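Model the following, please.
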Amino acid sequence: MSQESAIWPQGMPPENITLVLKLFTILDDSSDDSGQRLADEIFISDGRIKNGMHTFSGKAAEHGVLEIAGSRKKAWDAWSTRKHSILRVYSRSQEATDDILFLGTLAATFPNGKSATGEFCARIIFGLSDTQETRIKWFEVWADATPFVTAMNMKD
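From the prediction side, this is the model:
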């Protein structure tokens, strides 16, 4: 996760910045425990992730909604490496830093040896965990998958 060039809104609590950076560090980690880490360290107990057609909830699976802890089981099937970078973070005001939008990039490599970089936009709503620690309540991502699908399907 790259933060060196990221532009954060003034007034953004340091714990929120740390949490967002940790989120992307875990998303870029192919370890078997990454899904459990998201559930335990990043999201409130009923937090949600929405990425395209996929929605993952902190609660047990029901009605086709998968839980966050299991959300990473197949996440690395089509990827070899991933590296997210945050470019710019926006909030309505210095006082309203519990609901942010941001722009970023994702650089990835694939099992066929090809690579691609694409842009994404995401929204995060922060909340408090059962222990009153800042966590993520809602995380939604919008991205154009074209560069990644193209690279995944390329042949030598």
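
What is the longest strand of the chain by residue count?
Ranked by number of residues, the top strand in the chain under DSSP state E is strand 115-128.

what bits of this structure have low per-residue confidence?
Where the chain drops to pLDDT under 70, the residues are 1-4, 59-66.

what about the helices in it?
Listed in chain order, the helices of the chain (DSSP state H) span 14-27, 34-37, 146-153.

In JSON lines: those helices, plus distance to residue 118.
For the C-beta atoms, the positions are set from N, CA and C on the backbone; glycine is no exception. Below are the helices of the chain laid out as JSON lines (distance: least, Cβ to Cβ, whole Å):
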{"stretch": "helix 14-27", "distance to residue 118": "14"}
{"stretch": "helix 34-37", "distance to residue 118": "21"}
{"stretch": "helix 146-153", "distance to residue 118": "4"}
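
List the contacts of residue 111.
78, 80 (Cβ atoms under 8 Å, 6 or more residues apart in numbering).

number of nearby residues for the closest residue in space to residue 68 that isn't next to it in sequence?
Closest residue to residue 68 apart from its sequence neighbours, by Cβ to Cβ, 6 or more residues apart in numbering: residue 39 at 4.4 Å. For residue 39, the neighbour count with other Cβ atoms under 10 Å is 20.

Check the gap between residue 39 and residue 136 for me.
Counting by Cβ to Cβ, to the nearest Å, the gap from residue 39 to residue 136 is 11 Å.

repeat for residue 153
Separation of residue 153 from residue 136 (Cβ to Cβ): 33 Å.
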